[in-house]
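Visitor: quick check, what structure comes out for this input:
(one chain, ligands or ions: 2)
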Amino acid sequence: MQNYESLNYMEEDGLFTSEELMIRDSVRDFVSEEIIPTLQEANRDEKFPMHLIPRFAEMGLLGSTIQGYGAAGLGHVAYGLVMAELERGDSGIRSFCSVQGALVMYPIYAYGSEEQKNKYLPKLAAGEMVGCFGLTEPDAGSNPGSMRTKAEKVAGGYKLNGNKMWITNGCISDVAIVWAKLDGVVRGFIVDKGTPGFTTSTMKGKFSLRVSVTSELHLQNCVVPAENLLPKVEGLKGPLGCLTQARYGIGWGVLGAANACYHTALTYSKERVIFEGKSLSDYQLAQAKLVKMVQEITKGKLLALQAGRTKEAGKLMPHHVSLLKMNNCRIALDTAREARDMLGGNGIIDEYPVIRHMMNLETVNTYEGTEDIHRLVIGQHITGKAAFR
Ligand code: TGC
Ligand code: FAD
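Guide: Ligands and ions are numbered 1, 2, ... in the order given. Down below sits the predicted model:
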């Protein structure tokens, strides 16, 4: 992996600026040298490599596209390239950075007061604080509008009651963005670790995203001060607006995992002798599988780049992001499954990264809106009919 190069089949790297490529390459080296060597053990032990958090901050990977407050202020294409490099390592590593930036720093930046921004954003950018995003509940996943978590106005603040499930970084967080209904309207609350009535528990037994911490959040008569309400947004568009940011990053990120699987399958197929001194890559069926990977990764990269330039022009809409997330997660998962097959028995052991990526991508295809939810969002856009209800 030391001399790793991502696919550039149509010379599409010529569409990036030299600064974007420089940022990509510095993160590429960081992932090769400092992240990949830790992953086999972290995945086996279901342990997030906490020692990397200060390095993410030094590299400007936390809230990278936010302007000011100690964040790097990257362009959206550079950010996408960074996400792909991180996910070439592991989807759980990319998840950590996605959640911190798109789901914790972004809502504070977009919906918070100036006091909230000054209090939280510099520490989150510096990795001195970790955050999580609590939207999903045991009975409200694809349909977050049916959430049961409630907020009630009390003297000096708001009392929260409810449970959140599947929350990335929950147990290692210093701060949680919790979405709850206040008088029937979804509102965002900043809940600090240690607030009485706020506890977390780890979700164990995952076969996917094992490097990432996944948790439940429990809110039992948890009173947060009035100044912890995010003042500038009301309704489901608050959390959905954050998801649009995170889904954009995922649309790029999964290309990194797909590239890692393709490269592993290509290298392996050249070395693996099958019949009569011929290697796997000599056979037409194997070549067809590799060609399909090149075809789909190249199309996925061009789709991501167009989304990025459209976002930089301020014209990227949620239905565009759904197409990006849906397509690229699907092609990455298919690439990983095909690569796993091409490695035969070696495809199921963690000496190679493929099985880990394959298992991770099952989650990535599900979280931030399942493949079907994105299909229905696009269906609604083109027909005008909301078929998810
Ligand atoms: P609907 O009536 O369509 O919309 C309600 C309001 O929200 C607006 N809106 C959006 N705004 C910004 N971005 C989007 N993507 C938006 N989608 C809708 C909409 O315009 C409306 O605004 P307004 O002003 O009229 O009030 O809402 P709905 O209840 O019918 O839901 C539609 C649906 C099903 C598409 C939505 O609920 C959905 O996307 N469901 C999927 C849920 C999901 O993705 N959950 C993810 C949880 S977080 C997570 O997985 C983190 S993983 C992190 C990691 O580790 O990386
Ligand atoms: P369901 O909504 O029950 O879906 C089950 C199936 O039904 C799916 O196939 C789905 O496509 C299908 N389906 C749903 N609605 C329709 C419909 N209208 N028509 C046809 N089919 C439909 N959430 C957070 O809030 N914060 C986090 O940090 C977070 N991190 C996560 C980390 C991991 C590892 C995982 C696995 C999940 C995480 N999630 C998080 C939750 C994630 O967003 C949800 O799992 C996801 O939105 C799907 O919800 P669900 O699991 O309840 O599935």
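
Visitor: stretch 141-157 near ligand 2 at all?
Guide: Yes. Judged by Cβ under 6 Å from any ligand atom, stretch 141-157 and ligand 2 are in contact via G141, S142. Heads up, the C-betas are built off the backbone N, CA and C, glycines and all.

Visitor: what about that stretch, distance to the chain center?
Guide: On the basis of Cα atoms, centre = their mean, to the nearest Å, stretch 141-157 sits 25 Å off its chain's mean C-alpha point.

Visitor: state the mean pLDDT of that stretch.
Guide: Stretch 141-157 shows a mean pLDDT of 98.

Visitor: list the buried residues for that stretch?
Guide: By 16 or more other Cβ atoms under 10 Å, the buried positions in stretch 141-157 come out as G141, P144, M147, T149, K150, A151, G157.

Visitor: when you check ligand 1, which of these turn up near it?
Guide: Restricting these to those touching ligand 1 (Cβ under 6 Å from any ligand atom) yields P144.

Visitor: the buried residues of stretch 141-157 into JSON lines, with extra columns for secondary structure and distance to M10?
Guide: Output for the buried residues of stretch 141-157, formatted as JSON lines (DSSP: H, G, I helix; E, B strand; the rest coil; distance: Cβ to Cβ, whole Å):
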{"residue": "G141", "secondary structure": "coil", "distance to M10": "37"}
{"residue": "P144", "secondary structure": "helix", "distance to M10": "38"}
{"residue": "M147", "secondary structure": "coil", "distance to M10": "44"}
{"residue": "T149", "secondary structure": "coil", "distance to M10": "47"}
{"residue": "K150", "secondary structure": "strand", "distance to M10": "52"}
{"residue": "A151", "secondary structure": "strand", "distance to M10": "51"}
{"residue": "G157", "secondary structure": "strand", "distance to M10": "55"}
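
Visitor: nearest to L316, of the buried residues of stretch 141-157?
Guide: P144 (21.5 Å; Cβ to Cβ).

Visitor: now the closest one: closest residue in space that isn't a chain neighbour?
Guide: In this structure, P144 finds its nearest non-sequential neighbour in L135, 5.2 Å apart by Cβ to Cβ, 6 or more residues apart in numbering.

Visitor: wait, the one you found sits on G162?
Guide: No. Counting by Cβ atoms under 8 Å, L135 stays clear of G162, with 11.3 Å between them.

Visitor: residues in the stretch 51-200 of the chain within reach of ligand 2, list them.
Guide: Contacts of the stretch 51-200 of the chain with ligand 2, taken as Cβ under 6 Å from any ligand atom, map to V99, F133, G134, L135, T136, G141, S142, W166, I167, T168.
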